[in-house]
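Participant: Can you look at this prediction? I've put the sequence above it.
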Amino acid sequence: MYDKRDQKLHLIYSKIVNSEFPFDPGLLTFTTSYDDSLKLDEPKENKPDPVALVYTPTPFIVPDRYKTLVLASILHAFPTNYYLYLPKFDGECKNVDVEQHVKNFETFLDLFEIDNEDVSIRLFSLSLQGKVKSWFRTFPDASILDLHQFIKVFLDRWVVRQNPFLIIEEYNQLKRLPRERIQQFYAIFNQVYYSMPVNIRTPPGSALLHYLAAFDLEMEF
């Protein structure tokens, strides 16, 4: 014996079979909720499967001006308007010696509260001008690890430039070291030669003879 609920379901089924519903019976779903309501499932749209997005990081390319430095793959930004206050050193100005330039640069770092190593070391390279900048670019790629090492080689190389007698002594003692590349020694020779004051600099012809004498003929080239 049917109860009222079964009678209602049977009536709905009969109407579906007799096509009295304007809907596709395949889209109808009977529910067994307490109010015996009839709910219609909305037709599903044919959406394409989502495509997984794969993040491919951009390869890190070190600019040529920083080839000498060892840098991380992610670089921090320079402070705003840094170039207005960045101290410069070209080895020519008599008002600023090598050690004073280092002090000025450290003051600059404090002024802008720069703590990131990659920012400090790049800015110090940008502070070098003229022949000092040329000296910096003669270093092999990725040969300067941090600011401490950078300042050390900078001081070791340029403090003697303040005393012309030390420059002449260094020039007279120039020798190509074992396994030193010819291009590297050539750059060092020119740096020392052109750092001498013009009034005591040897003529180019004598410098050429001195350059050739700096090679050990038994050494590999």
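Facilitator: Looks like it came in fine. Numbering: from 1, shown residues only.
Participant: Can you tell me what sits against stretch 151-167?
Facilitator: Residues outside stretch 151-167 that contact it (CB atoms under 8 Å, 6 or more residues apart in numbering): 91, 97-99, 102, 124, 128, 132, 135, 144, 170, 192, 195-197, 200. Where C-beta positions appear, they are placed from N, C-alpha and C, glycine not excepted.
Participant: ok, so of these, who is nearest Asp115?
Facilitator: Nearest to Asp115 among the contacts of stretch 151-167 is Phe124, at 14.3 Å by CB to CB.
Participant: So which elements touch the helix or strand hosting that closest one?
Facilitator: Here Phe124, judged by DSSP states H and E, is contained in helix 117-126. Contacts defined by 3 or more CB pairs under 8 Å, 6 or more residues apart in numbering; DSSP states H and E place helix 117-126 against helix 98-111, helix 147-158.
Participant: Next SSE downstream of it?
Facilitator: Next along from helix 117-126, by DSSP H and E: helix 130-136.
Participant: Tell me which residues touch Leu86, please.
Facilitator: Applying CB under 8 Å, 6+ apart to Leu86 gives the contacts 108, 123, 126-127.
Participant: Tell me how this structure divides into domains.
Facilitator: Listed domain ranges for the chain are 4-40, 67-161, 163-213 (source: automatic domain parsing).
Participant: could you give the mean pLDDT of the last one?
Facilitator: With pLDDT averaged residue by residue, domain 163-213 scores 83.
Participant: Report the buried residues of the helix holding Phe124.
Facilitator: Going by neighbour count (16 or more other CB atoms under 10 Å), the buried part of helix 117-126 is 117-125.
Participant: what ranges do the strands span in this protein?
Facilitator: Per DSSP state E, the chain carries strands over the ranges 28-30, 38-40.
Participant: Comparing the ones you listed by mean pLDDT, which bottoms out?
Facilitator: strand 28-30 (a mean of 45).
Participant: Tell me which two in the contacts of Leu86 are the farthest apart.
Facilitator: Using CB to CB, the pair of the contacts of Leu86 lying farthest apart is Phe108 and Leu126, separated by 11.2 Å.
Participant: wait, Gln129 sits on Cys93?
Facilitator: No: applying CB atoms under 8 Å as the test, Gln129 and Cys93 come out as separate, 9.5 Å apart.
Participant: Distance check, Ile167 against Gly130.
Facilitator: From Ile167 across to Gly130, the span is 16 Å (CB to CB, to the nearest Å).
Participant: Neighbour count for those two, which is higher?
Facilitator: Higher neighbour count among Ile167 and Gly130: Ile167, with 19 against 13, using other CB atoms under 10 Å.
Participant: so how far is Leu109 from that one?
Facilitator: 30 Å.
Participant: what's the answer for Glu170, then?
Facilitator: Distance from Glu170 to Leu109, counting by CB to CB: 31 Å.
Participant: Done for today, thanks.
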